[in-house]
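Engineer: Just to be clear, the model below is a prediction. Sequence and coordinates:
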Amino acid sequence: MTKKELSEKAKISTSRITQLMANMTENIDYIVSTRGDHGTRVLFSSSGVDKVMNRNKQGGRVKVERVKKARGRPRKNLLTIEKGGEV
């Protein structure tokens, strides 16, 4: 199975498959062949297809919640204003 066919089947991009190939072994999971003027072609074996399909989909960057800051001029705190004239 070629890289493009595998990306359509697994519903991921071809660049993501290239990233996953770092965890695979060449000549067992995939074979790189040159096709003359057309460039290289990557063919995946059944074990390579299984590794792509059974990848960890829950990984990735942890979502960070951002705290909204107050905008504008701060309001006066009426409890801290001293009353003038009273003794």
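Structural biologist: Received, thanks.
Engineer: Tell me which other helices or strands the helix or strand hosting Asp50 touches.
Structural biologist: Assigned by DSSP states H and E, Asp50 falls within helix 46-53. Here helix 46-53 is seen to pack against helix 3-10, helix 14-20 when contacts are counted using 3 or more CB pairs under 8 Å, 6 or more residues apart in numbering; DSSP states H and E. From N, CA and C alone the C-beta is placed, and that goes for glycine too.
Engineer: one more time with 7 Å, if that's ok
Structural biologist: Helix 46-53 is packed against helix 3-10, with contacts defined by 3 or more CB pairs under 7 Å, 6 or more residues apart in numbering; DSSP states H and E.
Engineer: Give me the angle between the helix it packs on and helix 46-53.
Structural biologist: Going by axes from the mean of the first three to the mean of the last three CA atoms, to 10 degrees, helix 3-10 is angled at 50 degrees with respect to helix 46-53.
Engineer: can you tell me how far Asp37 sits from Ser47?
Structural biologist: According to CB to CB, to the nearest Å, Asp37 and Ser47 sit 31 Å apart.
Engineer: Which secondary structure state does Leu43 sit in?
Structural biologist: Under DSSP: H, G, I helix; E, B strand; the rest coil, Leu43 falls in the strand class.
Engineer: Help me confirm that it comes into contact with Ile31.
Structural biologist: Yes. Under the criterion of CB atoms under 7 Å, Leu43 makes contact with Ile31 at 4.9 Å.
Engineer: Asp37 and Ser47: which is more packed in?
Structural biologist: Neighbour count, other CB atoms under 10 Å: between Asp37 and Ser47, Ser47 has more, with 12 against 5.
Engineer: can you pull the contacts of that one?
Structural biologist: The neighbourhood of Ser47, defined by CB atoms under 7 Å, 6 or more residues apart in numbering, consists of Ile28, Asp29.
Engineer: what's the pLDDT at it?
Structural biologist: Ser47 is assigned 92 on the pLDDT scale.
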